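**Student:** Need a 3D model of the following:
(one chain, ligands or ions: 1)
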Amino acid sequence: MAGARAGASSLIKLEAPEIDMETLATVHEPSYIEAIEQFCLAGGGALDPDTLAVSASWEAAKRAAGAGHVAVEYLSAGRADVAFLAVRPPGHHAESARAMGFCLFNNIAVTAQELITKGLRVAIVDWDVHHGNGTQSTFEASPDLLYVSFHQHPFYPGTGSMSDVGVGEGLGTTVNFPFPAGTAGDVYRRAMTEVVHPMLREFAPDWILISAGYDAHVDDPLAGLRLVPADYAEMAGGLAPLVSESRILFFLEGGYNLEAIERSVAATLKGVEGRPVGDARPSLESPTLAHQVVDELAARIAKFS
Ligand SMILES: [Zn+2]
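**Tutor:** The predicted model follows:
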């Protein structure tokens, strides 16, 4: 995990501590936590066709889930401006009692739940190319958490339709942008400025947490979207002013091109600080269908406001 103050020259590196079981159980069922422990300590194997674990995965998963707590402490105390949690395994597919999509525990959900328990309002923006089904299912009935996801559709895990808008008291606090393959930064910019920023201003979160996957990058081998590092910088730079200073943290989710991740993470942090990225933005244009997703979401959101 890293926190930064006044640029990369003052990067603070922190080791993520293991989460305590009580905090983990605010999101995951105790019987599931115990099953993961037993599975890993018995040597591991395949939890599903995508999700493998070895004995060391138990400690890694506990540290990944525990990182957010320390980041929040550092930011709250004014010891860092922004935190980036470079943890593995990722988390946004993990449901209350189900591992999937490389995820064992839902790192961002655990941190969000901790903040909500303190009476704070939290927004999660998920720009991983896959829908964060675990995060959505954890909070879909919560009025205290706004979940926004940009993802490729149709694509794994198949969830995240525009008609998912939250349930019960959480109605209107789930927003999904299912984008077709080929979608690029032009549409992401529109979605942010026309839909997400106005929603965030109205929701007025105390914290913004970002499921920062980098598998929507144009060079990612798994997916078919076309973002470049400058797009991540612009998204991060647009979100940061919507919350008080030092109240934004990024959780690494997916991303399967290491060079693309490296450049995009650097761009993300520069974006938060308003520093130039120096990465020329190619004039990629999204398919018409992608623009229609933004148009439809804008119209639907208007109904709830
Ligand atoms: Zn992903």
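**Student:** which regions of the stretch 101-250 of the chain sit below the pLDDT cut-off?
**Tutor:** The stretch 101-250 of the chain contains no residues with pLDDT under 70.
**Student:** quick one, strands of it?
**Tutor:** Using DSSP state E, counting those that start in this stretch, the strands of the stretch 101-250 of the chain run over 122-126, 145-152, 174-179, 207-212, 248-252.
**Student:** Turn the ones you listed into CSV, including distance to Arg201.
**Tutor:** Yep, even glycine has a C-beta here, placed from its N, CA and C like the rest. Shown next, in CSV, are the strands of the stretch 101-250 of the chain (distance: least, C-beta to C-beta, whole Å):
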stretch, distance to Arg201
strand 122-126, 11
strand 145-152, 11
strand 174-179, 14
strand 207-212, 12
strand 248-252, 15
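**Student:** any chance of these in CSV, plus distance to the ion?
**Tutor:** Below are the strands of the stretch 101-250 of the chain laid out as CSV (distance: least, C-beta to the ion, whole Å):
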stretch, distance to the ion
strand 122-126, 9
strand 145-152, 8
strand 174-179, 13
strand 207-212, 9
strand 248-252, 10
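**Student:** if I look at the residue lying closest to Ala240 once chain neighbours are set aside, how far off is the ion?
**Tutor:** In this structure, Ala240 finds its nearest non-sequential neighbour in Val272, 4.7 Å apart by C-beta to C-beta, 6 or more residues apart in numbering. Distance of Val272 to the ion, computed by C-beta to the ion, to the nearest Å: 21 Å.
**Student:** So which residues on the protein come close to the ion?
**Tutor:** 128, 130, 213, 215, 254 (C-beta under 5 Å from the ion).
**Student:** residues touching the fourth one, list them.
**Tutor:** Right, Asp215. Shown in contact with Asp215 (C-beta atoms under 8 Å, 6 or more residues apart in numbering): 128-130, 222-223, 253-256.
**Student:** let's see 10 Å
**Tutor:** Neighbour list for Asp215: 127-130, 151-152, 221-223, 225, 227, 253-257, 260-261 [criterion: C-beta atoms under 10 Å, 6 or more residues apart in numbering].
**Student:** Point me to the residue of the protein nearest the ion.
**Tutor:** Closest residue of the chain to the ion, C-beta to the ion: Gly254 (2.7 Å).
**Student:** just to revisit the earlier point, and the residue nearest to Ala240, helix, strand or coil?
**Tutor:** Assigned state for Val272: helix (three-state reduction, DSSP: H, G, I helix; E, B strand; the rest coil).
**Student:** mind checking pLDDT for it?
**Tutor:** According to the prediction, Val272 has pLDDT 95.
**Student:** With Ala260 instead?
**Tutor:** On pLDDT, Ala260 comes in at 97.
**Student:** My read is that it contacts His217, right?
**Tutor:** Yes - using C-beta atoms under 10 Å, Ala260 makes contact with His217 at a distance of 4.1 Å.
**Student:** Give me the common contacts of the two.
**Tutor:** Contacts common to Ala260 and His217, judged by C-beta under 10 Å, 6+ apart, are 227-229, 232.
**Student:** so which of the residues you listed is the most crowded?
**Tutor:** Tyr232 (31 neighbours; other C-beta atoms under 10 Å).
**Student:** for the residue located most distally from the centre of the chain, what are its contacts?
**Tutor:** In the chain, Ala42 marks the outermost C-alpha relative to the chain mean, sitting 30.6 Å out by C-alpha atoms, centre = their mean. Applying C-beta under 10 Å, 6+ apart to Ala42 gives the contacts 53, 55.
**Student:** That one and Ser211, how far apart?
**Tutor:** 30 Å (C-beta to C-beta, to the nearest Å).
**Student:** Which residue, other than its chain neighbours, is closest to Gly224?
**Tutor:** Of all residues not flanking Gly224 in the chain, Ala181 sits nearest, at 3.5 Å (C-beta to C-beta, 6+ apart).
**Student:** My error: substitute Tyr214 in the last question.
**Tutor:** Leaving aside its sequence neighbours, Tyr214 sits nearest to Gly255 (C-beta to C-beta, 6+ apart; 3.5 Å).
**Student:** Ok, Ile301 next?
**Tutor:** Distances taken as C-beta to C-beta, 6+ apart put Val195 closest to Ile301, at 5.7 Å, once the chain neighbours are dropped.
**Student:** returning to that earlier point: helix or strand for the residue nearest to Tyr214, just tell me which one.
**Tutor:** Assigned by DSSP states H and E, Gly255 falls within no helix or strand.
**Student:** hang on, isn't it packed against Gly213?
**Tutor:** Yes - at 5.7 Å, Gly255 counts as touching Gly213 under the criterion of C-beta under 10 Å.
**Student:** ranges for the helices of the stretch 101-250 of the chain?
**Tutor:** 107-117, 133-139, 185-191, 197-203, 229-239 (DSSP state H, counting those that start in this stretch).
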